[in-house]
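Enquirer: pasting the sequence and the predicted coordinates here, then a few questions.
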Amino acid sequence: MQRLGALLFVAVLIAGAAAQDYDDGAQEAPPPPALDNCDGVFLTYTFISRAKEFPHVKNSSAQAYAFKSMATILNAMDTDLKAWKMFIGFQHDEILVSAGGAVVTEGSDLPAKVGNGTSLSGFPQTDLLNSIDTAGDMNQIQVRIDLTGTQFGVKPPAVPMPKTIKLLNDGFKCPTPTKKGSIMYVCCIKDPKFKKMKDTNKFLPRQYGDLNMVYDILQAYDNNYLAQVTIDNNSPIGRLDNWNLTWEWMRNEFIFSMKGAYTHKKDPADCIYGAAGQYYQNFDFSQVMNCEKHPVIADLPPEMENDDRVGKLPFCCKNGTLLPPTMNATKSHAIFQLQVYKMPPDLNRTALYPPQNWKINGVLNPDYTCGPPVRVIPSEFPDPSGLMSNSYAIASWQVVCNITRPKAKTSRCCVSFSAFYNDSVIPCNTCACGCADDSGCNPDEAPLLLPSEALLVPFDNRTAKAKAWAKLRHMKLPNTLPCPDNCGVSINWHVASDYSKGWTARITLFNWEDYTFKDWFAAVELGKAFNGYQRVYSFNGTKLSQLENTLFFEGLPGLNYLMPLSDGKDPKSDPKLPGKQQSVISFSKKRTPGIDVLGGDGFPTRVYFNGEECSLPDEIPRGHGHRSPVVLLQLVLASVLVFVFIA
């Protein structure tokens, strides 16, 4: 270990000697004992240099500086460290421009804003072997990450250091790092309380998230290989429609052909005029599927399913639809294959590297954040001969993606609240789904209350109704009216009745898009009211066991289409009408003693449409303490009649 400490000491001294930071003082290096006494994983961060960037401004806190720094991770254990992940707690509005030897864990493209810190994963060196099995080979037990980027506001002689550095791998504890001048270091050790399953495999076990993708190598040759990508939707409310998958080739690979999917762009120019064209000089690139560094891949339509050339793969060709397994287990998977050509120096059948920075999205679906590809146990397949044996992939990598909650004003659907005891509807939040900067309205003004009939009117035609309603209710109008919600789908939750033994609600879905939502679903999270759920009358309703207090609604057979926006009876005078679906939901109070429906317990705390979490109003309708005399049967009949008339 003393040899390792000396090597690290020399490496950091070299970095310190190269440092140029105006009039910063001499760089200090961590003493060798800091590493010699580490029986874990030793992390360092060294600030190297910076230079003032244009534009030069008088406000020092807004001045940008280009910086260079270096991070290292060294495995000082007697076991290997698989799929390392390091967190650097940047805190000066940093923008990361490059990270040699690593990729951003969540797959962000560079340059990326990392002012709140970022996680880095290894590429191409994902694992760090131990010193015993490698005779202390620093190239195998340590990785160096060269960082360049921009930071703001920390002018010399102050040094822009991160808050912290730590290892993110499961089962490790990292104390507060030691900081000396422009160098920070920490020794992360195994947590004795962490219970790890015994695993004798060379690779990591598979993890499971909301969406899992596996990159399997099925056949390998010197200069190309056949890969298969499998996508599995595991979330009970996760969904993708017309999915688009993209990744980044890191070693100049290109896609020669595909089955079960296709790329949006088929242009050989990037190959012909790039590195591939220089190496494969006699290659016919006119037949190549894609030469982009960031290809965009889409599913094939159903009519291509039995095509001999591009189809005949299980779970392919669904036009990019991935339903949750709670709806249809067979439609929660997708598979496609691709023939990939490699470039020097990877011209042997064991030089296999998966693409990085995976991203996937759909039409109106949740946002997924995907981790890096992690080498896992090779996938197992039934033998194609039909014999009672199994075949295995040559190599397998897993990408785990999880649903992220939308940030403020970035949702793609929104919810309005109304109730029988209040004449006004509280509409979707202002700019719930984003607003243009030059929209000429106030994006920070609270939305105007509406009469119930305005829910059927496009936002552009609601202004007159909102003004008239405000005048009728003696409500003050702001000088600049609030901006629209700009959402393609809106949902109204209406508390319809409240009586001694139960209560009812009505849910209505409005489609403002020119797009038909097939096999739509909505999920509603209710707190105190969940246990009182009895039934929904015009939808299929299910209590989700996987999610707490959540009801799952989907269209009945033949009614599983949420139709698009359509013209009114007279397009010259009538506004367009949204596609809609509606149902009454009944609740009993027997299992929810003390529930206060009028006080807010009758309104959902989260609402999802096709997996996308919708924006909820900031307020609920306020009542005056009276109760509705309407009984349940009358309410159901009235709702059905209303639905018939507006359909």
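Expert: Here it is on my side, so go on. Residues are numbered from 1 along each chain as shown.
Enquirer: ok, Gln37 - contacts?
Expert: In this structure residue 37 is Asn, not Gln. Asn37 makes contact with Cys187 under the criterion Cβ atoms under 8 Å, 6 or more residues apart in numbering. Heads up, the C-betas are built off the backbone N, CA and C, glycines and all.
Enquirer: can you map out the helices along the stretch 501-647 of the chain?
Expert: Applying DSSP state H, counting those that start in this stretch to the stretch 501-647 of the chain gives helices spanning 632-646.
Enquirer: check the stretch 201-350 of the chain too.
Expert: With DSSP H, counting those that start in this stretch as the criterion, the stretch 201-350 of the chain has helices spanning 269-272, 275-279.
Enquirer: pLDDT weak spots in this protein?
Expert: 1-32, 196-201, 571-573, 624-647 (pLDDT under 70).
Enquirer: hang on, the earlier thing: minimum distance to Val457: which of the helices of the stretch 201-350 of the chain has it?
Expert: helix 269-272 (48.4 Å; Cβ to Cβ).
Enquirer: circling back to that earlier point, same list (the helices of the stretch 201-350 of the chain) but as TSV, adding mean neighbour count and distance to Lys193.
Expert: Formatted as TSV, those follow (neighbours: other Cβ atoms under 10 Å; distance: least, Cβ to Cβ, whole Å):
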stretch	mean neighbour count	distance to Lys193
helix 269-272	17	51
helix 275-279	16	50
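Enquirer: out of the ones you listed, flag the one nearest Gln582.
Expert: It's helix 269-272; of the helices of the stretch 201-350 of the chain, that one is closest to Gln582 (Cβ to Cβ) at 50.3 Å.
Enquirer: name the residues that touch that closest one?
Expert: Counting by Cβ under 8 Å, 6+ apart, residues outside helix 269-272 touching it are Phe254, Ala276, Gly277, Tyr280, Phe283, Phe285, Val288, Cys291, Glu292, Lys293.
Enquirer: give me the buried subset of these.
Expert: Phe254, Ala276, Gly277, Tyr280, Phe283, Phe285, Val288, Cys291, Glu292 (16 or more other Cβ atoms under 10 Å).
Enquirer: out of the helices of the stretch 201-350 of the chain, the one nearest Lys85 is which?
Expert: Closest to Lys85 of those is helix 275-279 (Cβ to Cβ; 30.2 Å).
Enquirer: between the helices of the stretch 201-350 of the chain, which one is nearest to Lys589?
Expert: Comparing the helices of the stretch 201-350 of the chain by Cβ to Cβ, helix 269-272 comes nearest, at 64.9 Å.
Enquirer: C-alpha coordinates for that closest one, PDB please?
Expert: Taking Å, rounded to 0.1, in the frame of the first residue of the first chain, the C-alpha atoms of helix 269-272 are listed here in PDB:
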ATOM      1  CA  ALA A 269     -23.000  10.900 -45.200                       C
ATOM      2  CA  ASP A 270     -21.600  10.600 -41.600                       C
ATOM      3  CA  CYS A 271     -20.000   7.300 -42.500                       C
ATOM      4  CA  ILE A 272     -18.700   8.200 -45.900                       C
END
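Enquirer: about what we covered before: could you dump the helices of the stretch 201-350 of the chain into a markdown table with distance to Thr126 added?
Expert: Shown next, in a markdown table, are these (distance: least, Cβ to Cβ, whole Å):
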| stretch | distance to Thr126 |
| --- | --- |
| helix 269-272 | 27 |
| helix 275-279 | 24 |
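Enquirer: for Val489, which of these is the nearest?
Expert: Proximity to Val489 (Cβ to Cβ) singles out helix 269-272 among the helices of the stretch 201-350 of the chain, at 37.5 Å.
Enquirer: on that earlier part again, as JSON lines, the buried ones among the contacts of helix 269-272 with distance to Tyr392 would be great.
Expert: Output for the buried ones among the contacts of helix 269-272, formatted as JSON lines (distance: Cβ to Cβ, whole Å):
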{"residue": "Phe254", "distance to Tyr392": "27"}
{"residue": "Ala276", "distance to Tyr392": "30"}
{"residue": "Gly277", "distance to Tyr392": "35"}
{"residue": "Tyr280", "distance to Tyr392": "30"}
{"residue": "Phe283", "distance to Tyr392": "31"}
{"residue": "Phe285", "distance to Tyr392": "33"}
{"residue": "Val288", "distance to Tyr392": "29"}
{"residue": "Cys291", "distance to Tyr392": "31"}
{"residue": "Glu292", "distance to Tyr392": "31"}
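Enquirer: just to check, Asn610 is in contact with Gly238?
Expert: No - with contact defined as Cβ atoms under 8 Å, Asn610 does not count as touching Gly238 (9.5 Å).
Enquirer: strands of the stretch 501-647 of the chain, start to end?
Expert: With strands called from DSSP state E, counting those that start in this stretch, the stretch 501-647 of the chain shows them at 502-511, 517-518, 521-525, 533-536, 539-543, 550-555, 561-562, 579-588, 606-609, 612-613.
Enquirer: tell me which of those strands lies nearest to Pro314.
Expert: That would be strand 517-518 among the strands of the stretch 501-647 of the chain, by Cβ to Cβ, at 21.5 Å.
Enquirer: ok, that closest one: who's next to it in the sheet?
Expert: strand 561-562 (antiparallel) (DSSP bridges).
Enquirer: okay, and the beta partners of the spatially most central residue of the chain?
Expert: Closest residue to the average C-alpha location of the chain: Tyr368 at 2.0 Å, with Cα atoms, centre = their mean. Under the criterion DSSP bridges, Tyr368 forms beta bridges with Ile403.
Enquirer: ok, it - contacts?
Expert: Asp210, Leu211, Lys359, Ile360, Asn361, Cys401, Asn402, Ile403, Thr404.
Enquirer: and what of Phe285?
Expert: Taking Cβ under 8 Å, 6+ apart, one finds Pro268, Cys271, Ile272, Ala276, Gly277, Cys291 in contact with Phe285.
Enquirer: and Val229, by the same measure?
Expert: Val229 makes contact with Met213, Val214, Tyr215, Asp216, Leu245, Ala261, Ile335, Phe336, Gln337, Leu338, according to Cβ under 8 Å, 6+ apart.
Enquirer: and Ala71, by the same measure?
Expert: Taking Cβ under 8 Å, 6+ apart, we find Ala71 in contact with Leu43, Thr44, Tyr45, Thr46, Met86, Ile88, Leu120, Arg144, Ile145, Leu147, Ile165.
Enquirer: number of residues surrounding the last one?
Expert: Right, the one you point to is Ile165. 23 (other Cβ atoms under 10 Å).
Enquirer: so it touches Leu43, yeah?
Expert: Yes - contact criterion Cβ under 8 Å: Ile165 and Leu43 qualify, at 5.1 Å.
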